[in-house]
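Asker: predicted coordinates and the sequence they were generated for:
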Amino acid sequence: MVLELGGGAVGSQTTREALASHAFTVYLEVDLDEAWRRVEGTARPLAADRERFSELHAERQRMYAEVADAQVDDADGVVLAAAGVHVQIGAIELLDQVVPGDGRVELVSDRHVAGIYGVQAQLALGARLLAAHEVPQGESAKASAVLEQLWRDLRGDRSTIVVALGGGTATDVTGLAAATYLRGVAWVPVPTTLVGQVDAAIGGKVAIDVPAGKNLVGAFHWPARVVIDPALLETLSDEEVRNGLAEVVKTGLLAGEPLWELPPHEQVRRCAAYKSAVCVRDPHDRAERNVLNLGHTFAHALEAAAGYELAHGEAVALGLLAALRLSGQDTSVVEEMLAPTRVHVDRDAAWTALTRDKKGVGGSPRLVLLDGPGRPRIGVELPADDVRAALDALIVDP
Ligand SMILES: NC(=O)c1ccc[n+]([C@@H]2O[C@H](COP(=O)([O-])OP(=O)(O)OC[C@H]3O[C@@H](n4cnc5c(N)ncnc54)[C@H](O)[C@@H]3O)[C@@H](O)[C@H]2O)c1
Ligand SMILES: [Zn+2]
């Protein structure tokens, strides 16, 4: 539940105590000039005199800062704070402060990422570092053997915080280890890929792959905090940037804003805020969160038919194309930003995979379509022939 308090509410001791024990309190900062501009000339009794107003503003600052669990200056800041997502350039240098509490930390890194940022992260954690572990690079980390190795390697107690440094694969397997070790310990993903920063590290879904399919064994385990340092993306390969850009375009279509036009760091913050808002409203993926699946029913089918040899970003680009076509919407953004190219996979294998999608109901695929930019609709059932035709249009024959 969201409560918006009037400016004087925290003047009451009872209210302050109630906030401390029952609420996560966000102070949305407004500077004096802006605050005055908003009330000047109105009938509000406290807005009659600028001098009195500025005294009151200064007086209340102290109280606001005291009750606030987080201090922000825009609406995205409110959502990010509520979801526990901390976005800051250079945050990796401040890990000992941005990892909540003062408990000891076990650091789990993607092996490749450890080679680039491992020393920096360990130095920043300083005396809080209890142990450092590595998991294999890439999707092979999301395996039961790697999870089991983490269970063996982790040595902390219930007060230990597990910090995961890497892309979506490292944060997925480490998050599942944190969800299960000692029946669950706190964890903090520090995503290092664009996919991780705008998508995988947010929302508490963690999983590994099993022979029956990707992400089929997992948990919901909301991170104690997500630490996003957009500067870490500077070492990312072009291919990995393209994978992330597909999710940025997806988010922009869902939000109805051209997020892909923002400078890179703002893109990350805005996309992270969008996903946070959706996940905070529907943490267990019972309804609204399904919007994030836009284009993914087709993407997953193509990836499965390609034996997972197809980059996720390329599959999502094609999936978005199909979803927009079936929605009767303009596809030019996807074409210009992501340049999707038809793939060479077995048509029947792709169709079989699509009808088995884990988000389908009884063999019939449920799609996310767009009534317009920013207006997603979930659970859409279309005639099988139309869906199959849209899928076929993404595939090229040898
Ligand atoms: N849990 C969720 O909600 C969720 C959502 C989306 C995706 N995912 C999962 O995320 C995974 C994909 O994540 P990904 O795209 O981040 O892949 P990834 O974790 O495999 O990383 C991609 C590659 O980039 C390298 N890398 C990572 N950070 C780097 C950096 N800063 N500089 C240089 N190289 C770097 C990695 O070593 C790896 O080789 C999939 O398994 C997917 O299922 C999960
Ligand atoms: Zn995706």
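Answerer: Nice, I can see it. Numbering: from 1, shown residues only. Ligands and ions are numbered 1, 2, ... in the order given.

Asker: what is the burial count for whichever residue of the stretch 1-150 of the chain sits closest to ligand 1?
Answerer: Residue of the stretch 1-150 of the chain nearest ligand 1, by Cβ to the nearest ligand atom: H112 (3.5 Å). Quick note: C-beta positions are derived from backbone N, CA and C, even for glycine. Using other Cβ atoms under 10 Å, H112 has 17 other residues around it.

Asker: pretty sure it contacts Q137?
Answerer: Yes. Counting by Cβ atoms under 8 Å, H112 does reach Q137; the two are 4.2 Å apart.

Asker: got the phi and psi for the residue of the stretch 251-398 of the chain found nearest ligand 1?
Answerer: For the stretch 251-398 of the chain, the nearest residue to ligand 1 under the criterion Cβ to the nearest ligand atom is H312, separated by 6.4 Å. Dihedral angles of H312 (phi, psi; degrees, to the nearest 10) stand at phi -60, psi -40.

Asker: let's verify the residue nearest to it when sequence neighbours are not counted: helix, strand, or coil?
Answerer: Residue nearest to H312 in three dimensions, not counting chain neighbours: N243, with 5.4 Å by Cβ to Cβ, 6 or more residues apart in numbering. The three-state assignment at N243 reads helix, by DSSP: H, G, I helix; E, B strand; the rest coil.

Asker: pull the contacting residues for N243.
Answerer: With contact set as Cβ atoms under 8 Å, 6 or more residues apart in numbering, N243 has these partners: T193, L194, V195, A311, H312, G313.

Asker: on that earlier part again, what's the burial count for the residue of the stretch 251-398 of the chain closest to ligand 1?
Answerer: Other residues near H312 number 21, with proximity taken as other Cβ under 10 Å.

Asker: how about the residues of the chain that lie near ligand 1?
Answerer: With the criterion set to Cβ under 6 Å from any ligand atom, the chain comes near ligand 1 through 110, 112-113, 116, 137-139, 142, 166-170, 172, 192-193, 195-196, 199-200, 203, 205-206, 215, 232, 235-236, 240, 243.

Asker: in strands only, show me the residues you listed.
Answerer: With strands defined by DSSP state E, the entries of the residues of the chain next to ligand 1 inside them are D110, G166, K205, V206, N215.

Asker: for these, give me CSV that also has neighbour count.
Answerer: Rendered in CSV, the data for those read as follows (neighbours: other Cβ atoms under 10 Å):
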residue, neighbour count
D110, 29
G166, 31
K205, 20
V206, 29
N215, 15
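
Asker: pLDDT weak spots in the stretch 1-150 of the chain?
Answerer: In the prediction, the stretch 1-150 of the chain carries no residues with pLDDT under 70.

Asker: now the strands for it?
Answerer: In the stretch 1-150 of the chain, strands defined by DSSP state E, counting those that start in this stretch lie at 26-28, 70-72, 85-87, 105-110, 129-135, listed in chain order.

Asker: in the last one, what's buried?
Answerer: Same thing as strand 129-135. With burial defined by 16 or more other Cβ atoms under 10 Å, the residues of strand 129-135 counted as buried are L129, L130, A132, H133, E134, V135.

Asker: now the second one
Answerer: Of the residues in strand 70-72, A70, V72 count as buried by neighbour count, 16+ other Cβ under 10 Å.

Asker: the residue of the stretch 251-398 of the chain closest to ligand 1 contacts V195, doesn't it?
Answerer: Yes. H312 is within contact range of V195, at 7.4 Å (criterion: Cβ under 8 Å).

Asker: count the neighbours of D285 for me.
Answerer: The number of residues near D285, taken as other Cβ under 10 Å, comes to 17.

Asker: helix, strand, or coil at it?
Answerer: At D285 the chain is in coil, as set by three-state DSSP.

Asker: quick one, what contacts the residue lying closest to it once chain neighbours are set aside?
Answerer: Nearest-residue entry for D285: K205, 7.4 Å, with adjacent residues in sequence omitted and distances by Cβ to Cβ, 6+ apart. Applying Cβ under 8 Å, 6+ apart, one finds that K205 lies in contact with G218, F220, D285.

Asker: do E239 as well
Answerer: Applying Cβ under 8 Å, 6+ apart as the definition, the contact partners of E239 turn out to be A311, G313.
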